[in-house]
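*Asks:* Just need the structure, nothing else, for what follows:
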Amino acid sequence: MINLLWGDPPPPTRGPKPAMTVEGITKAAIAIADSDGLDAVSMQRVAADLSFTKMALYRYVGGKAELVSLMTDRAMGLPPHRPPQPWRQALMDWALDLYAGFARHPWLLLSTVGRRALGPNELTWMDFGVRALAETGLSGGQQLDALMTIAGQVRTIAHQTLTLPGGTIGISEENITSALTEILATQPDRFPGLTAAMQSLAGSENQGLDFGLNRILDGLEVLIKRG
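*Replies:* Residues are numbered from 1 along each chain as shown. Take a look at the predicted model:
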């Protein structure tokens with residue numbers, strides 16, 4: 001698995017091109033996950049979509065776990081390059097770019113959890129994040145913890161707002177607001193705190209991502225200034 005994730009592609013050779021490539025297999029698997037969800041990806045399904053047998057696929061990829069690692073790293077891609085900017089704006093852009101990646105491939109929310117092999121693209125994302133904090137005086141551990149906290153906020157909001165292929169629907173802020181409004185309309189005295197909050201909600205909907213990120217960055221700013 002590590003060799004496929006990190007190894008250089010083999011040099012071109014003379015003669016007919018191979019019937020399949022790891023790149024082609026990975027792209028086909030990503031298309032399935034984008035359409036039908038990560039659970040729909042199997043060696044049998046990918047082979048069928050490529051008009052090959054499952055056994056032929058095993059000559060290139062060892063199994064589904066290996067394939068999912070390849071899919072994950074390719075789907076994440078490299079983070080966008082941005083001009084140098086202050087650490088706070090750099091981390092905000094990093095977080096929003098990460099959310100955009102989850103929006104393009106929501107199944108990444110499932111494939112990027114648990115113990116697994118990490119590929120070069122995923123580590124490049126981490127590298128970009130900690131580099132934004134390199135001149136802040138934070139220790140390496142603090143930089144990594146800050147990055148994981150920010151990524152956690154992004155993942156939480158992505159889980160709530162994105163619809164996963166295959167029918168798994170996130171509980172969006174609109175759904176929560178609608179349900180609360182319906183309940184509180186009939187029982188306002190039972191939940192006075194919620195009723196008051198909902199009455200002043202206008203204009204602050206769908207700001208969970210930015211609000212949470214800015215509060216995390218506020219805390220980091222205090223820590224950095226404290227030295």
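*Asks:* give the contact list for Lys5.
*Replies:* Heads up, residue 5 is Leu, not Lys. 69-70, 73, 117-120 (Cβ atoms under 8 Å, 6 or more residues apart in numbering). No exception for glycine: its C-beta is placed from N, CA and C like everyone else's.
*Asks:* Got a PyMOL select line for the buried ones in those?
*Replies:* Selecting the buried subset of the contacts of Leu5 in PyMOL, with 16 or more other Cβ atoms under 10 Å as the burial test, is done by:
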select buried, resi 69+70+73+117+119
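*Asks:* Dump the contacts of Leu5 into CSV; add secondary structure, pLDDT and distance to Lys27 as well.
*Replies:* Below are the contacts of Leu5 laid out as CSV (DSSP: H, G, I helix; E, B strand; the rest coil; pLDDT from 0 to 100; distance: Cβ to Cβ, whole Å):
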residue, secondary structure, pLDDT, distance to Lys27
Ser69, helix, 95, 15
Leu70, helix, 95, 10
Asp73, helix, 96, 13
Ala117, coil, 85, 19
Leu118, coil, 90, 20
Gly119, coil, 93, 15
Pro120, helix, 94, 17
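*Asks:* And the contacts of Leu5, which is closest to Ala103?
*Replies:* Nearest to Ala103 out of the contacts of Leu5 is Asp73 (Cβ to Cβ; 17.9 Å).
*Asks:* was I right about that closest one contacting Gly119?
*Replies:* Yes - here Asp73 lies in contact with Gly119, judged by Cβ atoms under 8 Å, at a distance of 2.9 Å.
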